[in-house]
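> after the sequence you'll find the predicted model.
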Amino acid sequence: MKNTLMTPAQAAERIAAGATLVIAGAEEALTALPRGRWIGGTSVYFMTEDGGHVDRENLFVTEIEAAEDARPVLYEGEDLPSLTMGRYEDGLSVILIPAFSKAHEAYAIGAAEFPGLFDQPVMGWVTGVHLDDLATRKPKVFDGSRGTAYDEGALVLHVKLPADRIANVEILNLFEQDTGGAEISFAATGFSARRAMVDGAEVDFAEWVQAQGIDTRLPLVANYAGAMINVSFQSVGAEGVAFYAPVIEGVSYRIAHSPGDYATIFAQRAQGDGAQELSCNCILNFLYGELEEKRTGSFTGPVTFGEIAYILLNQTMVRLQLHRLEHAAVA
């Protein structure tokens, strides 16, 4: 794979050449592109080789050079759980979902139960807009093969890989549970909560967060068999606590402890050639880590409103790698 920050004209040249592309950019820049074998999602925040940038004019383009074939499919409503059915036998799926859409909520809550979800790599992100435009613009996804944009549904690019390639999805989460902190659980799955069980006692969760002086830049973290999965705070107020991903009924959470200087720790822990991987990073990491104009190593890509490594994640970097299989010699 190859990552490049391009002008719309440069991206159009790659589309005309028949390349298989995943593109992030402002709605106006994506709308200007010709039809071809690509999908796109709105974002104006990027991590580039020179650091974090806000860019409304250029596009971040990832070319999947190994793709033998690819087809974009929009899944929405009752069709959403069937998004694994349209994939190739040997391949991967890149998924883009508009933030705040019905598909965003449905995928976040139900994806882990979709049939066959974990049988083949599924990676992608939740598309967004400039934070100043949240009240006036909707995040969108673009099907380049049809020249159409959508603010609802999950757009999936099913990619066919050659027999000697295999895809791998990984996450890089700098947050871990503060094991000395309170144990928190919820009675219902959802993107908001009024009540919670904290160390065995039922509390008004918003009041508890405020009384404890919780730094809501730090997410709730659940330990799934050693994998740390974040749920980030969106707001805390009289109507309760809202999250950017759903809390799950019965799961035990703890507030994260601070990882320290985000850009420095990230660069230390990120290993591999990010220039050859499809990756995305969370808008909350971009904001809270003050990553604009800061470099975080070789990993470049869009800054997103949610990350997908099979399931929806928050405050996490997701990366997709392609590996060449080494076949053993036959005696």
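Received it, and whenever you're ready, just let me know what you need.

> count the neighbours of Asp50 for me.
If you count neighbours by other C-beta atoms under 10 Å, Asp50 ends up with 11. Where you see a C-beta, it was placed from the backbone N, CA and C, and this is true even at glycine.

> what's the answer for Ala182, then?
Around Ala182 there are 18 residues (other C-beta under 10 Å).

> hmm, Asp199 and it touching each other?
Yes - counting by C-beta atoms under 8 Å, Ala182 does reach Asp199; the two are 5.1 Å apart.

> gap between Leu80 and Leu174?
Distance, Leu80 to Leu174, using C-beta to C-beta, to the nearest Å: 30 Å.

> the two - which one has more neighbours?
Remark: of Leu80 and Leu174, Leu174 carries more neighbours, 21 against 18, as counted by other C-beta under 10 Å.

> am I right that Gln210 sits in a strand?
No - under the criterion used here (DSSP: H, G, I helix; E, B strand; the rest coil), Gln210 is helix, not part of a strand.

> what's the closest non-adjacent residue to it?
Using C-beta to C-beta, 6 or more residues apart in numbering and skipping residues adjacent in sequence, the residue nearest Gln210 is Val236, 6.4 Å away.

> likewise for Thr296?
Distances taken as C-beta to C-beta, 6+ apart put Phe266 closest to Thr296, at 4.5 Å, once the chain neighbours are dropped.

> doesn't the one you found fall inside a strand?
No - according to three-state DSSP, the state of Phe266 is helix, so it is not within a strand.

> count the neighbours of the residue nearest to Thr127 when sequence neighbours are not counted for me.
Of all residues not flanking Thr127 in the chain, Gly41 sits nearest, at 3.5 Å (C-beta to C-beta, 6+ apart). The local packing of Gly41 (other C-beta under 10 Å) involves 31 other residues.

> swap in Leu33?
Leu33: 23 surrounding residues under other C-beta under 10 Å.

> distance of it relative to Tyr150?
Plainly put, Leu33 is 15 Å away from Tyr150 if you go by C-beta to C-beta.

> backbone phi and psi for the residue lying closest to Phe205 once chain neighbours are set aside, please?
Nearest non-adjacent residue to Phe205, counting by C-beta to C-beta, 6+ apart: Ala196, 4.0 Å away. Dihedral pair for Ala196: phi -150, psi 160, per degrees, to the nearest 10.

> and if you look at Ala263?
Main-chain dihedrals, Ala263, degrees, to the nearest 10: phi -60, psi -40.

> ok, now which ones touch it?
Gly289, Glu290, Leu291, Lys294, Arg295, Thr296 (C-beta atoms under 8 Å, 6 or more residues apart in numbering).

> I'd like to know which of the residues you listed are buried.
Taking 16 or more other C-beta atoms under 10 Å as the criterion, what is buried in those is Gly289, Leu291, Lys294, Arg295, Thr296.

> what's the farthest-apart pair in those residues?
Comparing every pair within the buried ones among the contacts of Ala263 by C-beta to C-beta identifies Gly289 and Arg295 as the most remote, at 11.8 Å.

> what's the pLDDT at the closest residue in space to Glu49 that isn't next to it in sequence?
Leaving aside its chain neighbours, Glu49 sits nearest to Thr300 (6.0 Å; criterion: C-beta to C-beta, 6+ apart). We have a pLDDT of 86 for Thr300.

> over to Ala328?
Ala328 carries a pLDDT value of 38.

> all helices for the stretch 151-300 of the chain, in order.
Secondary structure of the stretch 151-300 of the chain (DSSP state H, counting those that start in this stretch): helices at 205-211, 262-269, 283-288.

> separation between the nearest residue to Glu292 once chain neighbours are set aside and Asn314?
Once flanking residues are discounted, Glu292 sits nearest to Gly52: 4.5 Å by C-beta to C-beta, 6+ apart. From Gly52 across to Asn314, the span is 18 Å (C-beta to C-beta).
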